[in-house]
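Student: any chance you could fold what I've pasted below:
(2 chains)
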Amino acid sequence: MLSLLGISLVRFLEGMFAVGLVGSTIVLLITFVEDAELLFGREDSHHP
Amino acid sequence: MSSPSQPANNLGNRVRIVVATSVMLTFISYWRAAAIVLNDLASSAFYACGIAEQAVGKSAPWFIVGVMLFSFTVRAVYVESCSMFVRGGVYRVVKEALGGTLAKFSVSALMFDYILTGPISGVSAGQYIAGLINEVLRTADAHGWVPRAVHGLFNGTPQFSVNGLSVAFALAVTVYYWWENIKGIHESSEKALRVMQITTIMVVVLLAWSAVTILKSGYQHVPLPTADNLHFSNESLGFLRHTFPEQSLAHMFGLLGILIAFGHSVLAMSGEESLAQVNRELAHPKLKNLKRAAIVIAIYSFVFTGLSALLAVMLIPDAVRVPVYKDNLIAGLAMYMYGPEILRLIFRGFVVVVGFLILSGAVNTAIIGSNGVLNRVSEDGVLADWFRHPHRKYGTSHRIINMVVLLQILTILASRGDVYVLGEAYAFGVIWSFTFNSLAMFVLRFRYKGERGWKVPPNITIAGREIPLGLASVFLVLLSTALVNLATKSVATVAGVSFSVGFFIVFTVSERVNRKKYALAKQQMKDHFQLLQRDTVERESLRIRPGNVLVPVRDYNTLTHLRWALEKFDIQDQDVVVMSARISRFGSAAYDLAPEQIFSDYEQTLFTRAVSVAESFGKKVSLLVVPAGDVWSAIVQTAKNLESSAVVIGVSSKMTPEEQAFALGQAWEALPEPKRQFVLQVVHPDGHLETFRIGPHTPTMKDEDVLLLHRLWLNITHEPGLENVHHHEILTEALTRFARDYGAREREDILRDLKRIGNMPRHAGAPKPPAVPLVRKEGGDGYPSSEAEE
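Tutor: Residues are numbered from 1 along each chain as shown, chains lettered A, B, ... in the order given. Predicted structure coming up:
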């Protein structure tokens, strides 16, 4: 029973981590584009 | 404008006080802001990979690289947090989102992070220094340069206990910065910039030399970050090693292994929170500069921390990397470069110097940060005012500094110089403070309706409701990592939870004590004072005339200068403004203070005393509180805005009157045009007065110079057509010719002559003039003797 609870908890954590990583990768890519725009002098207007 | 005969500042029995809410700061460029953050963030490059490899094995550098990439998203959360227009300390802002209990735990985690920064940085610097000393001794011994007597003393090659030396070094640095903070030495962004310039030279040499080494000598393969390549030590599994004793966790749960390894590497992004601390000081346009600083920080730390971790595993042989160089990995990297040993040893020395600069700087940052956060927590009402009691001589919050440093010293002693143990504990504070911050930002997306300059992307709108997908993703990674760390970092969990619970109890008790006290103070304030909140300091809001007298006050026990001003100046002619500058030190907070925090109970007592003094003279004064980063900038900016003709201050316990005048002059020089001159009057406790002019002014001329000018005038006016020439026209012509000669061929001659004059004996005690600023003591040629302490 405890083992099942432990395994479920681990799977839940793994799920959170995986979903978070996918979303964070998207954040990373979007901010890279914004950073590039900022560095090359274009005004930031995507996220007021 | 009011007439002095009419009450300008009393409404009924209530005293009118103008509270300026815009902080008077000396703004810094985004490069300097980035340098300050990198002094903290880049310091983790010196120990993060060594700790991670001990925990997860040879594929650790990939996790460091992964964490550095992920740090770009954490940086985005901090940018959003800084772009919100909120007032108050971190506790107040998190409380708004998560409630009092979680806010208290959040601040506790942040404090754990700040306090641990000191010991880990100090001990790590000690490891680099001790490692170099032993290496030099080994090399010297191999060449037969160590005397036999010394050999006999050590029973062989002289070697010191690395951990013992590290502890001694960390204690020495901590005590040194404790005293500096007690004295209130101001942290300069210039110093941070210099350290980062030196560090950049080291990084460039390190990367270039490593590239040459790879080309000439080849490299070792760094295993990919897969479950098969993870080799957890017993310590790195923490409580889980008891739960699954017979099974390999990494194999049983593929992703869990990655998550555990990620959790052991989060240390690499420690220091990211410092971004919030420099936000307020950034020059206009603030958000753009904040983003630029964040880009510089993220790229720099990715290149330095990420690549140096990879290179360490690629170039240092497995046999020595962990056993010998685990705690000074970059020094080990220097020793395995391609080239002669002496050159490698010299470069290692350079690495140690840079490590010393950046890591010891991080010790100072830790004390400043802890002091700043706890001051704000106290202002937010969750830490007893007792902690904020100003030092009798230096005016600093010595009790908070003493407590922080005591905790740091105990941590250093308890660690016995073990960087791994310190790193594990430090990671607890880092990950939980990031987690609470991202959670607060997530919740505030729904609760906070005020101005927000930027949002973490992407955001989608469903049924008119915005869903912060990006923010939620970053939070999920941080939360899952923080939870796994609870299970895998047993020492950190025990230490972190104990610390947080301890602080939580202190905060809860303090809050209860303060609640009653604040209710009384609030009522008293309501009865006696009327606060007028103004964005900036304006003469009109104080209802005073130009040419007024500004009297800055700080300590309610030393108001001699106010008495002097009230006695000396007639308020029929000149209004007297009593000003208190509410100082929040450089890099001490992410958000501006709320008006009631700016005018705290201390200011209440201070102004009550000031009003009593004024009433004893039968005179009225205008009262003003300004938040500021630096007292001198606050005084000159206020004097400028109010068009004051005189500033009256008391003698400082830290500086001579000349140094005070010089510091004020420097601040005046930094003011943008237009600006006007004023007179500074420094009043000694015995009533003795020293007067200085701030800004350009007519110099005092010696009698012989006046005579020379007069003789010239007599001769010149005898010339035909020059009968109507004035003295000042002769002076103008002479100065114009002097300026022309100085700018051309006779510059060296002029400077030589001036040096000769400058070295001629003056009257006793008269110091030499400085190059800047334009400050001169009245009634003589006495100039400030030295630069004011910064």
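
Student: what helices or strands is the helix or strand harbouring B:Val494 leaning on?
Tutor: Element membership for B:Val494, per DSSP states H and E: helix B:490-528. Identification of packing neighbours for helix B:490-528 by 3 or more CB pairs under 8 Å, 6 or more residues apart in numbering or on different chains; DSSP states H and E yields strand B:14-20, helix B:100-142, helix B:419-447, helix B:469-488, helix B:601-616. All C-beta spots, glycine's among them, are computed from the backbone N, C-alpha and C.

Student: now do 6 Å
Tutor: Under the contact definition 3 or more CB pairs under 6 Å, 6 or more residues apart in numbering or on different chains; DSSP states H and E, helix B:490-528 sits against helix B:100-142, helix B:419-447.

Student: quick one: the shortest one to helix B:100-142, angle?
Tutor: Read that as helix B:419-447. 150 degrees (axes from the mean of the first three to the mean of the last three CA atoms, to 10 degrees).

Student: looking at the helices and strands packed on helix B:490-528, which is closest to chain A?
Tutor: helix B:419-447 (10.3 Å; CB to the nearest CB).

Student: so the closest one versus helix B:469-488, what angle?
Tutor: Using the same axes, to 10 degrees, helix B:419-447 lies at 150 degrees relative to helix B:469-488.

Student: for the helix or strand that comes right after helix B:419-447, give the mean pLDDT please.
Tutor: Following helix B:419-447 in sequence order, the next helix or strand is strand B:460-462 (DSSP H and E). For strand B:460-462, mean pLDDT rounds to 92.

Student: can you list contacts of strand B:460-462?
Tutor: B:Ile467 (CB atoms under 6 Å, 6 or more residues apart in numbering or on different chains).

Student: how far does it sit from its chain's centre?
Tutor: For strand B:460-462, the separation from the chain centroid amounts to 40 Å (computed by CA atoms, centre = their mean, to the nearest Å).

Student: re earlier: how about the helices and strands packed on helix B:490-528 in JSON lines, adding mean neighbour count, mean pLDDT and distance to chain A?
Tutor: What follows is those, written out as JSON lines (neighbours: other CB atoms under 10 Å in any protein chain shown; pLDDT from 0 to 100; distance: least, CB to the nearest CB, whole Å):
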{"stretch": "helix B:100-142", "mean neighbour count": "23", "mean pLDDT": "92", "distance to chain A": "19"}
{"stretch": "helix B:419-447", "mean neighbour count": "24", "mean pLDDT": "92", "distance to chain A": "10"}
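
Student: and these as a markdown table, adding distance to B:Thr411?
Tutor: As requested, the helices and strands packed on helix B:490-528 are exported to a markdown table (distance: least, CB to CB, whole Å):
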| stretch | distance to B:Thr411 |
| --- | --- |
| helix B:100-142 | 4 |
| helix B:419-447 | 7 |
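
Student: how many residues are close by the closest residue to chain B within chain A?
Tutor: Closest approach between chain A and chain B, counting by CB to the nearest CB: A:Gly23, at 2.3 Å. Residues lying near A:Gly23 (other CB atoms under 10 Å in any protein chain shown) number 21.

Student: do the same with B:Ile182
Tutor: B:Ile182: 18 neighbours (other CB under 10 Å).

Student: all helices for chain A, in order.
Tutor: Taking DSSP state H, the helices of chain A run over residues A:2-39.

Student: run through it and note the low-pLDDT ranges.
Tutor: A:1-2, A:41-48 (pLDDT under 70).

Student: again, only this time at 90
Tutor: For chain A, the stretches flagged by pLDDT under 90 are A:1-11, A:35-48.

Student: who in it is up against chain B?
Tutor: A:10, A:13-14, A:16-17, A:19-20, A:23-24, A:27-28, A:30-31, A:35, A:38, A:47 (CB under 6 Å from any CB of the partner chain).

Student: ok, now with 8 Å
Tutor: Taking CB under 8 Å from any CB of the partner chain as the contact definition, chain A meets chain B at A:6, A:10-11, A:13-14, A:16-24, A:26-28, A:30-32, A:34-35, A:38-39, A:44, A:46-47.

Student: secondary structure element holding B:Phe262?
Tutor: With DSSP H and E as the criterion, B:Phe262 is inside helix B:254-263.

Student: other SSEs contacting that helix?
Tutor: In this structure, helix B:254-263 packs against helix A:2-39, helix B:48-56, helix B:60-82, helix B:249-252, helix B:469-488, with contacts taken as 3+ CB pairs under 8 Å, 6+ apart.

Student: average pLDDT across the helix holding B:Val494?
Tutor: 84.

Student: buried sites along whichever helix or strand comes after it?
Tutor: Later in the chain than helix B:490-528, the nearest helix or strand by DSSP H and E is strand B:529-534. The neighbour-count check on strand B:529-534 (16 or more other CB atoms under 10 Å in any protein chain shown) flags B:529, B:531-532, B:534 as buried.

Student: pick the one among those residues closest to chain A.
Tutor: Looking across the buried residues of strand B:529-534 and measuring by CB to the nearest CB, the closest to chain A is B:Arg534, at 28.1 Å.

Student: what about the host helix or strand of B:Ala149, distance to the chain center?
Tutor: Here B:Ala149, judged by DSSP H and E, is contained in helix B:148-154. The chain centroid and the centroid of helix B:148-154 are separated by 46 Å under CA atoms, centre = their mean.

Student: got the contact list for the helix or strand just after that helix?
Tutor: Proceeding N to C from helix B:148-154, the next assigned helix or strand is helix B:162-183, under DSSP H and E. Residues outside helix B:162-183 that contact it (CB atoms under 8 Å, 6 or more residues apart in numbering or on different chains): B:118-119, B:122-127, B:129-131, B:133-134, B:327, B:360, B:363-364, B:367-368, B:371, B:391, B:394, B:396, B:398, B:401-402, B:405, B:408-409, B:412-413, B:415-419, B:654.

Student: for the helices and strands packed on helix B:254-263, which one sits closest to B:Gly453?
Tutor: helix B:60-82 (8.1 Å; CB to CB).

Student: rewinding a little: what are the buried residues along the helix holding B:Val494?
Tutor: Going by 16+ other CB under 10 Å, helix B:490-528 has these buried residues: B:490-493, B:495-497, B:499-500, B:503-504, B:506-507, B:510-511, B:514, B:518, B:521, B:525.
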